[in-house]
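# quick one, fold the following:
(2 chains)
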Amino acid sequence: MSNKYQITIGIECHVQLATKTKLFSEVDNDARGKAPNTCVSPVDYALPGMLPRLNRTAIEMAIKVGHALNATINPLSRFDRKHYYYPDLPKGYQISQLYQPIIGAGQIELPDGTKVRIEHAHLEEDAGKLTHFGDYSLVDLNRAGTPLIEIVSMPDIHSAKHAHDYCKELWRIMTYAGVCHGDLYHGNMRFDVNISLALPDAEKLGTRAEIKNLNSFRSVERAVEYEYQRQSALLDRGERVVQETRGWSDDTGKTTSQRSKEEAQDYRYMPEPDIPPIRLSNETIAKIQATLPLMPADYRARFAGVIPADTLEILLDYPQLIRKLGEFADLLGENSPKSIQKIANIFTSVLLAEENTSLLNDPLPSAEQLRDLALMNDNQELSSTATKEVFLKFFDPEMHFKDTKTIAKELGVIQENDLDALGQIVDQVLQDPTTQQAQADFRAGQEKVLGFLVGQVMKASRGKANPSSAQALLRQKLQN
Amino acid sequence: MKIANKTVTATRLVEDALKKAAEFADYNIFTSLNTDLALQKAAEIDRKIAAGEPVGRLAGVPYALKDNFLSPEGHTTASSKILEPLQSPITATAVAKLEAEGAIMIGRVNLDSFAHGSSTENSYFGPTKNSADPTRVAGGSSGGSAVAVALDIVQFATGTDTGGSIRQPASFNGVYGFKPTYGAISRYGVVAMASSTDCVGFFTHTPEDMDLLMQITAGQDPNDTTTLPDFYGQKSTTATKPTIGIIKDFDTDAIAPEIKQAMTAQIAKLQKSGHQIVELEMPTLKYALAVYYVVAPAELASNLSRHDGIRYGYRNAEASDLASVYAKTRHDGFMPENKRRIMIGNFVLSSGFYDAYYLKAQKVRTLIIEEYQKAFAKCDFILTPVSPNPAFKLGEKVNDPVAMYLEDVLSVPINLAGLPSLAFPVKSDSALPIGLQLVGPRRSDQTLINFAKEL
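The predicted structure follows:
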């Protein structure tokens, strides 16, 4: 990206809430792996005479989301109808919140400290899904009525990277809050990105284009980069950017025009008369807010200066890992940055190594097991190789319930740190006729044969000797 | 209510009702009859009675169902083409409660298509005729219900009242018609017209029957979150010598002389029996009709959006793409009056017009509600005519929508304020039935009905 123009970006993010039932009916909200139109009630397919029944869990989740976005919760909110015709929208209107949304202004902070303000966030229902075939289309209403929260940002984002980071941070916040399955591939979160360009000293923002329905952080980033090129080329030629909705193709890496402002639909919003206003007391709000678990920003604050930022950001993608690390740090009580680093490193280097990622689906070791592991490593009872070996055994169904020391013993990997015992093994090696030549060579000044001798000690100790102690002892004895 | 017993069996009651329905076929009351199921149910009730098993408070009572209620019995048409083949998988809450007490639906009855109208002439199945004069309209939109009760085919009928659709046909046919407080009876399973004023209610021969039906059907329903917490029948509800308000603003030349006469006679009667009469000034009510014809079309246009030919009901077979499926299906499926109201509704909700029409109408609606609150500080009930005229001739107002809308001028303010109102027949010299209505504060439903017993 050149930087002739300043880019300004605002993002609307749709989050599918992981409620048990739909927003306005009592059918299963989780249609994963289910046949089309099997999670549909008469409310969802809009039989005449059907009335919406508001799902209280969705309201509770919205309160949590609001808290996670550092936003105000409106004590009084209402639903509105947004009208348009499409076969995936059974009622001919979507129940949404235009005039009095449940979540007011808020703000989140990106990993690099950039702040993005939230304009508001509201509850609404998802539409169904249309699949087009040759000369016909089929409607699947399993998704119709799934609760969504739409989070509308202020135009506070000024780069493709920040657009990416903002979307990713929202994804983390939603998964941490436990309100969303976070499966982007299946559309659990979708992003509409508004992009405009203006000269840095311009008083007004430029005309924006809206890129609809992006479903990955990478495509958000790429679409923004593409739009910068497209819009700046237009402006360079003295042409105008048209206010319009554009679609993104991952295959071509381009956005294409879908609908201009002139063709924009008139949604004929009106208050939803079938749902009474939602009134929330301060007590209710506070009670639900208190159930919000720690957010990524909380972990950043906690581990700042302890875990390197890049390692921390990797760990933050795995809520279960960062939570375990938090639990581990809690157990250690006092400040033990080195142990925390150690476990963080094991998580990233062992657990996130490609061959081991399947283990992420298994229960993690307990904080106690990890504490003992770090301790044994500190005490040099476990070499770094042995530490990783024991760590992997925590996932072994035969082993995972055993304490660290027992596992280490069963594996026979505890290092021999008793210097007297080690001295006896060293003496034994030095008396061995097969090592006499090497000893003579060492005395003659050939340092590198020491490695051979250490190897012999390790062998004699069946691997339990601490190699650096063995080396020190050998050197001492040979030089006397 | 004449409920079935060992001598007058449910089967006999149902057979009599079906016989009368056939006898009055010319009146075009029924959209469909429920003969087989009704007789089956009657036989079951008779078996229970014979066996000494308990039966409900409406055991074997035949009734007529306005054809905008959903139940798996028969097809719900809302007297439209667009819903004609619809069989419902669910039962409306009100219907379920009636059936649980042993009431037997003998047939579905005619209405103005989607309850849009005041004469039952806007029905896809043609008009229903007035019970007292078959050259006149039945009133509407619940015309079939009113005539079915007036001709004594059934002991009661269900209705819906959005802007007068129960009370006006009740008064055109000389029966009792009750529109409860908004939210007293669940709307679940009733084809919606205007959600914020739609009310389920009944037609009966007596206020006693009305009281019983209200006791059975009123109550909070989790499937309709706009229903009020249970209040009907909850506490002692007799008003001693209630003060009656009359609205000066309604005493105009627009009211037919025979109706004014009926009002005067009723007031004299009330005074004679010791009731205090107070005159009320309610200047905001004259805006009610205008407000109603903004709010109701907006809501009904929205509610009718679901009829798109995609999932159920009629679909134009020649439509070749999505836009023509919508356009042709809705063009064929809706009656002219439906389309007129959809157009009005979509217009007042359009971008740029919302504030000027819908929002302003809602503000005036609040003023109307407040005006009623002030009025009820001065009186217990308000007495007014139901409609400016008795039943008019078939065809007389079909081509003049505004004249037709003016029929509702005395009833819509009550719907906008969500108040209970009972239309009751009065004796007069007129050849045509005349009804007046009593209006009470919200939740005064039972007091109101009990008071009507004394009239």
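# report how many residues lie close to residue A:299.
22 (other C-beta atoms under 10 Å in any protein chain shown). To be clear about C-beta, it is placed using only N, CA and C from the backbone, and glycine gets the same treatment.
# quick one: residues contacting it.
Applying C-beta atoms under 8 Å, 6 or more residues apart in numbering or on different chains to residue A:299 gives the contacts A:312, A:316, A:322, A:326.
# for the second one, give its distance to residue A:132.
Pointing back at residue A:316 there. Relative to residue A:132, residue A:316 is positioned 39 Å away (C-beta to C-beta, to the nearest Å).
# ok, the last one next?
Residue A:326 sits 47 Å away from residue A:132, taking C-beta to C-beta as the criterion.
# same drill for those two, tell me which one is more crowded.
Between residue A:326 and residue A:132, counting by other C-beta under 10 Å, residue A:326 is the more crowded of the two (18 against 8).
# element containing that one, please.
Using DSSP states H and E, residue A:326 sits in helix A:319-332.
# in terms of secondary structure, what does whichever helix or strand comes after that helix contact?
Using DSSP H and E, the helix or strand that follows helix A:319-332 in sequence is helix A:337-346. The elements that helix A:337-346 packs onto, with contact taken as 3 or more C-beta pairs under 8 Å, 6 or more residues apart in numbering or on different chains; DSSP states H and E, are helix A:309-316, helix A:319-332, helix A:367-378, helix A:384-393.
# please identify the most buried of those.
helix A:367-378 (a mean of 20; mean count of other C-beta atoms under 10 Å in any protein chain shown).
# so what touches that one?
By C-beta under 8 Å, 6+ apart, helix A:367-378 touches A:324, A:327-328, A:330-332, A:336, A:338-339, A:342-343, A:346, A:365, A:382, A:384, A:387, A:390-391, A:394, A:403-405, A:408, A:414.
# and what of stretch A:332-352?
Contacts to stretch A:332-352, defined as C-beta under 8 Å, 6+ apart, come from residues A:303, A:305-307, A:311-312, A:314-315, A:318, A:321, A:324-325, A:328-329, A:356-357, A:359-360, A:370-371, A:373-375, A:377-378, A:387-388, A:391-392.
# next one: stretch B:20-30
By C-beta under 8 Å, 6+ apart, stretch B:20-30 touches B:33, B:64, B:106-110, B:125-129, B:131, B:134, B:138, B:144, B:147-148, B:151-153.
# can you select the buried ones from those residues in PyMOL?
To isolate the buried subset of the contacts of stretch B:20-30 in PyMOL, counting by 16 or more other C-beta atoms under 10 Å in any protein chain shown, use the following:
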select buried, chain B and resi 33+64+106+107+108+109+110+125+127+128+129+131+138+144+147+148+151+153
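# wait, what's in contact with the residue in the stretch 301-450 of chain B that chain A sits nearest to?
Distances between the stretch 301-450 of chain B and chain A by C-beta to the nearest C-beta are smallest at residue B:305, namely 2.4 Å. Contacts for residue B:305 were tallied using C-beta under 8 Å, 6+ apart; they are A:83, A:85, A:91, A:92, A:93.
# ok, which of the residues you listed also contact chain B?
A:83, A:85, A:91, A:92, A:93 (C-beta under 8 Å from any C-beta of the partner chain).
# lowest-confidence entry in those residues?
Within those, residue A:85 has the lowest pLDDT, namely 94.
# helix, strand, or coil at that one?
Classification of residue A:85 by DSSP: H, G, I helix; E, B strand; the rest coil places it in coil.
# phi, psi for it please.
Torsion angles at residue A:85 (phi, psi; degrees, to the nearest 10) stand at phi -100, psi 120.
# quick one on the thing from earlier: closest to chain B out of the contacts of residue B:305?
residue A:92 (2.4 Å).
# Throw the ones next to chain B among the contacts of residue B:305 into CSV and include neighbour count and distance to residue A:469, thanks.
Formatted as CSV, the ones next to chain B among the contacts of residue B:305 follow (neighbours: other C-beta atoms under 10 Å in any protein chain shown; distance: C-beta to C-beta, whole Å):
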residue, neighbour count, distance to residue A:469
A:83, 20, 79
A:85, 16, 79
A:91, 23, 76
A:92, 21, 79
A:93, 24, 77
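# looking at it, residue A:404 is touching residue A:390, isn't it?
Yes - at 6.4 Å, residue A:404 and residue A:390 qualify as touching, with contact defined as C-beta atoms under 8 Å.
# so where's the longest helix in the chain?
Since you didn't name a chain, this refers to chain A. Longest helix of chain A, by residue count under DSSP state H: helix A:217-236.
# not quite, I wanted chain B
In chain B, taking DSSP H as the definition, the longest helix is helix B:360-378.
# rewinding a little: what comes up buried for the longest helix of chain A?
A:217, A:219-228, A:230-232, A:235.
# now do the contacts for residue B:353.
residue B:347.
# confirm it sits in a helix?
No - counting by three-state DSSP, residue B:353 is not part of a helix but coil.
# appreciated, that's everything.
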